[in-house]
Every structure is written in C-alpha cells, then in structure tokens.
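S.K.: Coordinates for the following, if possible.
(one chain, ligands or ions: 1)
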Amino acid sequence: MENDINAFAGPGGYIGVNSGLILMTEAESELASVMAHEISHVTQRHLFRAAEAAGRLSIPTAAGMLAAILLGTRSAAMGQAAIMAIMGGSIQFQINFTRENEAEADRVGMQTLATSHYDPRSMPTFFERLQQATRFSGQGVPEFLRTHPVTESRISDTRGRAETYPYKQYPDSLDYQLTKAKIRVLTVTDTATVQDYFQTRLTRGTAEQRAVARYGLGLMALKAEKYKEAETIFQALAHEYPNQPQYVTGLARTALDARNFNLAAARYKKLTEQFPDNTAIKLEYINALLKDDKTELARKNLVALNPDPQQLPTYSELLAETYNKLNQPAESHRYLAEYYFSMGQTRDAIMQIRLAQESKGLNFQLASILNERLNFFQNQEQEAKANR
Ligand SMILES: [Zn+2]
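M.R.: The predicted model follows:
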C-alpha cells in the first residue's frame with residue numbers, strides 16, 4: 001500500500017512522492033519531472049480551493065530535499081511515504097484532475113523542469129515507463145495513474161515538446177543515488193534480491209557508484225542487525241568521504257541501532273558541529289539523547305530548533321517521546337496528535353487530543369490549546385470528507 005506508485009499534494013503543504021514511484025525512476029530528472037508536474041497543479045491553481053502563496057513553489061533540488069529528510073528517518077512509515085516538504089505554511093488542498101489540467105501541468109511542468117536544470121526528455125520517458133508498468137501490473141492501476149492517466153497523446157505531446165530543447169547529458173546527483181539506495185533498503189521485501197542488487201554493483205560503474213553500493217550494503221547489514229559488519233562498512237566510507245553526511249551518519253546510526261546510546265549521542269553531537277545547518281542530524285542527535293536518558297538535554301535542544309523543522313513529523317514525534325519520558329502525558333498526547341496530523345492521519349490526531357484532554361495535569365492554557373486544535377482537526381476532517 002505505502003509502496004504503491006504515487007505522488008500527491010497533501011495536508012500541511014506537503015507534496016509527497018512515494019517510494020514506489022521513486023524506485024521506478026531511472027534518473028533524477030524523471031523524479032524531478034513528476035515533482036514538476038505536481039507543483040504545476042498547485043501553481044496553476046488546479047485546486048478545489050485556491051491556495052494562497054502557491055506562486056512560491058519551485059523544485060528545491062528534488063533529491064537533495066528528500067535526502068535531507070530521509071537521512072534521519074527512523075520510522076518505516078516516514079521512509080515509505082518519503083514525504084517531501086515543498087512549501088511552508090499549512091495549506092490543505094485537493095487537486096481537480098481534469099484532462100485540461102493534466103495537459104497544462106505537463107506543459108508548465110516541463111518549463112519548470114528545464115529552468116531547474118533537469119532533462120525535459122525525462123518526462124515522456126518516465127510517462128512511457130509508467131504506462132508499461134500499468135500494462136503489466138496485475139494488481140490494478142496505481143493511485144498516481146488513476147488521478148493522472150498517462151495516455152498516448154500525453155506521451156506524444158510531451159515527447160514533441162521535449163525534443164525542442166537541446167540535447168544534453170544530465171548526470172544524477174549523489175543525493176539521488178543515495179536516496180534511492182536508502183529507500184530500496186527501507187522498503188525491502190525480498191532481502192536476497194536487494195542484497196544481490198548492491199553486491200553486483202560493488203564492481204561496476206564509477207568510484208562514486210561503487211561507494212553507493214557499499215552504503216546500500218551497510219544499510220542492509222544494519223537492517224539485519226549485523227552491527228559489526230555495518231560498523232566496518234561505515235567506518236571505511238566515513239574515512240574515505242568524511243564530508244558526505246549519509247556516510248558519516250551511517251556510522252552514528254550503527255551505534256544507535258546497536259544500542260550503544262552513549263557512543264551514538266557522542267557521534268551525532270560531533271556531526272551537529274560538522275553540519276550545523278543539517279536539521280535531520282540535529283533531530284537524530286536529540287533522538288540519541290532521549291535513548292541515552294538525557295531527557296532534559298533533549299528537550300532543550302528540541303525547543304531551541306528553528307521553526308522549519310517544527311513542520312516535520314519527526315519533530316512532533318520526538319516532543320511526544322520527550323514529554324512521555326518527563327511524565328507529562330497531556331503534552332505527550334498533544335504532540336502525538338500533531339505527529340499524526342502531519343502524517344495525514346487526522347482521525348488518529350483527534351483521538352490523541354481526546355486522550356490529552358483526559359490526562360492528568362491539564363492547566364488552563366494547555367486545555368484551551370487542545371480545544372483549539374480539536375476544532376481545527378475536526379474541521380479538516382470534515383472538509384476532507386466533503387472533497388472525497
Ligand atoms: Zn496531474
């Protein structure tokens with residue numbers, strides 16, 4: 001289900017691309033072309049309700065953004081949804097998919113793609129692959145294709161338009177390759193096949209591509225709880241590429257998964273100093289502090305974060321865990337509610353608010369915040385129902 005091929009514009013101002021779709025792309029520009037199409041639906045106001053400030057959308061290095069979020073991904077649900085925050089604010093919208101809107105999103109999307117230095121030709125190429133996938137998939141049509149049907153005329157129109165751009169090589173960024181490797185491991189169902197996939201790539205391609213294969217094997221070792229093996233792989237990668245966040249965090253992650261929380265916190269702390277602008281690393285550091293029972297220090301670090309990471313589901317999740325450890329159940333349920341809401345699970349959010357309201361230690365201020373959030377979530381749920 002989560003692995004279904006999908007791209008969507010969701011609550012909280014997220015545009016999401018799901019893992020099945022990402023794994024289906026064979027080039028970064030193909031991923032960007034889906035993003036560009038989705039973004040165009042928003043900028044062209046193909047919405048049931050017009051969203052304010054939609055004009056600020058752009059493709060912020062599609063894979064780079066994903067990589068930043070996935071770097072610190074702990075929950076499988078997050079990894080599988082591969083949610084990508086494209087714009088700030090809390091705009092909820094639903095796209096009105098008509099044939100005219102699809103054609104316009106393709107046309108405007110291709111312009112966005114070209115001006116963002118991605119390959120316009122990747123759009124028709126990816127459409128063709130999507131069409132083939134539906135032809136051979138026995139499990140019905142993926143969600144993305146139900147809302148955005150790929151027709152022969154869409155393919156030939158975009159192909160014709162793409163051919164008007166000069167031909168160029170568009171190498172994939174390292175972030176894209178690493179993100180795909182990570183998603184491949186996060187969503188693995190057949191371990192042997194994925195193991196084999198990375199194994200055969202150890203001796204193929206460029207040094208960069210071979211390092212990506214080693215990274216994939218390191219993640220597989222972590223998944224199999226083979227911590228010594230993971231430690232060896234990530235030690236070597238971190239030594240060879242000391243400034244590549246994915247490789248050096250792999251080492252910190254190994255300590256965390258091996259339940260060596262003190263070492264994990266120390267490694268993450270060093271990384272927060274090495275990469276002061278990396279939110280995912282900060283959140284992972286806080287997570288390690290929580291596991292190491294440094295709860296107050298974790299709370300201090302959480303509240304000191306900028307407003308940006310507060311939009312990430314992980315932020316609310318960590319706050320909920322912190323308040324749970326501090327034995328403040330009302331606050332804990334309150335932030336779990338925010339977590340569920342940011343994951344698009346409004347009904348679970350409402351349930352958590354109710355649990356918070358029944359918790360001990362409610363003060364007047366928190367009680368009124370809970371009331372306000374309950375009203376907001378209930379309204380969101382009603383509007384979502386009306387649009388279904
Ligand atoms: Zn569309």
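S.K.: State the helix or strand in which Gly361 lies.
M.R.: Taking DSSP states H and E as the criterion, Gly361 maps to no regular element, lying outside all helices and strands.
S.K.: How about it, nearest residue that isn't a chain neighbour?
M.R.: Ala330 (5.8 Å; C-beta to C-beta, 6 or more residues apart in numbering). C-beta here means a position set from N, CA and C on the backbone, and glycine is covered the same way.
S.K.: Distance of the one you found relative to Tyr339?
M.R.: The gap separating Ala330 from Tyr339 is 15 Å, by C-beta to C-beta, to the nearest Å.
S.K.: hmm, who's touching the one helix or strand the residue nearest to Gly361 maps to?
M.R.: Following DSSP H and E, one finds Ala330 within helix 329-342. Where contact means C-beta atoms under 8 Å, 6 or more residues apart in numbering, the residues beyond helix 329-342 that reach it are 11-12, 311-313, 316-317, 319-321, 323-324, 346, 348-350, 352-353, 355-357, 359-362, 366, 369-370, 373, 377, 380.
S.K.: For the helix or strand hosting Gln177, the averaged confidence score.
M.R.: Under DSSP H and E, the secondary-structure element containing Gln177 is helix 174-186. Helix 174-186 shows an average pLDDT of 87 in the prediction.
S.K.: Which residue ranges of the protein form strands?
M.R.: 7-10, 14-17, 83-85 (DSSP state E).
S.K.: Pick out the shakiest of these, pLDDT-wise.
M.R.: Checking each of the strands of the chain, the one with the poorest mean pLDDT is strand 83-85, at a mean of 39.
S.K.: And the helices in the stretch 251-388 of the chain?
M.R.: With DSSP state H, counting those that start in this stretch applied, the stretch 251-388 of the chain shows helices at 261-274, 279-291, 295-303, 313-325, 329-342, 346-357, 364-387, listed in chain order.
S.K.: Tell me the pLDDT of Arg62.
M.R.: Quick fix: residue 62 reads Ala, not Arg. Listed pLDDT for Ala62 reads 44.
S.K.: cool, Thr193 as well?
M.R.: Note on Thr193: pLDDT of 96.
S.K.: Look at it and say how many residues are nearby.
M.R.: A count of neighbours around Thr193, defined by other C-beta atoms under 10 Å, yields 10.
S.K.: now swap in the one 5 residues further on and tell me
M.R.: Residues within reach of Phe198, counting by other C-beta under 10 Å, total 20.
S.K.: Same check on Arg259?
M.R.: Neighbourhood size, Arg259 [other C-beta under 10 Å]: 10.
S.K.: Looking at the stretch 151-300 of the chain, which residue is nearest the ion?
M.R.: Arg154 (9.7 Å; C-beta to the ion).
S.K.: Please list all residues in contact with that residue.
M.R.: 102-103, 106, 127.
S.K.: per-residue confidence for it?
M.R.: 90.
S.K.: just Ser90 next, same as before
M.R.: We note a pLDDT of 32 for Ser90 in this prediction.
S.K.: Then the one 10 residues further on?
M.R.: What the model reports for Glu100 is a pLDDT of 84.
S.K.: give me phi/psi at the residue of the stretch 51-200 of the chain found nearest the ion?
M.R.: With C-beta to the ion, the shortest gap between the stretch 51-200 of the chain and the ion falls at His148, namely 3.8 Å. Geometry field for His148 lists phi and psi as phi -130, psi 70, criterion degrees, to the nearest 10.
S.K.: just to revisit the earlier point, run a quick neighbour tally on the residue nearest to Gly361.
M.R.: For Ala330, the number of neighbouring residues by other C-beta under 10 Å comes to 20.
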